[in-house]
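[1] sequence first, predicted coordinates after that:
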Amino acid sequence: MEMDGHKCGRHGGRGAGFTLAEVLMASVVLGLSVLAISQAIVSGQMHAYAGIETERGMMLCESMVERLMPMPYFDSTATLTMGAEGGESAAVDFDSLDDYHGYGETAGDLRDAKGVLLPDEFQGFTRSVSMTAGQMSVASLGQSVDGITVVVTVTSRGGREFTVERFIAEPQ
């Protein structure tokens, strides 16, 4: 049956739909596009997580250094003895800077200066402090200064380490 020179009917003309090859090609292109977009999203999320982890790790390092800075340099005996003395079993008992040498906190037990547990987002890290007595040359003074080098190391669950090092001069 023809009307106006055109074929009519169910299968009368080509161009009324897509061929199987065209449908398969479109499916492949769509699949590859979805895969590429998914990988970009996952990569972005991984970078965001790494950035948050770095920020939290450095915050834990810096907060420990800030806790140590106001501590008295010497014990009441005016001697520098690295590590906690007898009767100082927890950070809240420490009475001088050098008591923190060898101090460590395990995941799930990170605390602030008052001994209060930190929020959950920080509890996946560990934190440790080490100290070395020594000297630092200060060019502007033209001399060396005695002091303690404090190293705070924070480790994430994934094993990434964050470290902050500070030299604290012995009071004159």
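    Nice, thanks for sending it over.
[2] can you give me the strands for this structure?
    Here the chain has its strands, by DSSP state E, at 2-3, 6-7, 104-105, 126-138, 143-155, 161-169.
[3] now distance to residue 26 too, for these, in a markdown table please.
    In this view, the C-beta of every residue, glycine as well, is placed from N, C-alpha and C. Below are the strands of the chain laid out as a markdown table (distance: least, CB to CB, whole Å):
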| stretch | distance to residue 26 |
| --- | --- |
| strand 2-3 | 32 |
| strand 6-7 | 27 |
| strand 104-105 | 57 |
| strand 126-138 | 52 |
| strand 143-155 | 49 |
| strand 161-169 | 48 |
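[4] can you list those strands in CSV and add distance to residue 96, mean neighbour count and mean pLDDT?
    Conversion of these to CSV gives the following (distance: least, CB to CB, whole Å; neighbours: other CB atoms under 10 Å; pLDDT from 0 to 100):
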stretch, distance to residue 96, mean neighbour count, mean pLDDT
strand 2-3, 103, 8, 54
strand 6-7, 99, 9, 54
strand 104-105, 18, 16, 94
strand 126-138, 11, 16, 92
strand 143-155, 10, 17, 94
strand 161-169, 11, 15, 95
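[5] what's the closest of those strands to residue 44?
    Nearest to residue 44, of all the strands of the chain, is strand 161-169, at 22.3 Å by CB to CB.
[6] could you list the paired strands of that closest one along with their orientation?
    Neighbouring strands of strand 161-169 in its sheet, by DSSP bridges, are strand 143-155 (antiparallel).
[7] how far off strand 126-138 does the partner strand point, in degrees?
    Relative orientation of strand 143-155 versus strand 126-138 (axes from the mean of the first three to the mean of the last three CA atoms, to 10 degrees): 160 degrees.
[8] who is residue 111 paired with across the strands?
    Under the criterion used here (DSSP bridges), residue 111 is bridged to residue 117.
[9] if we can go back for a sec, among the strands of the chain, which comes closest to residue 60?
    Closest among the strands of the chain, using CB to CB: strand 143-155, at 4.5 Å.
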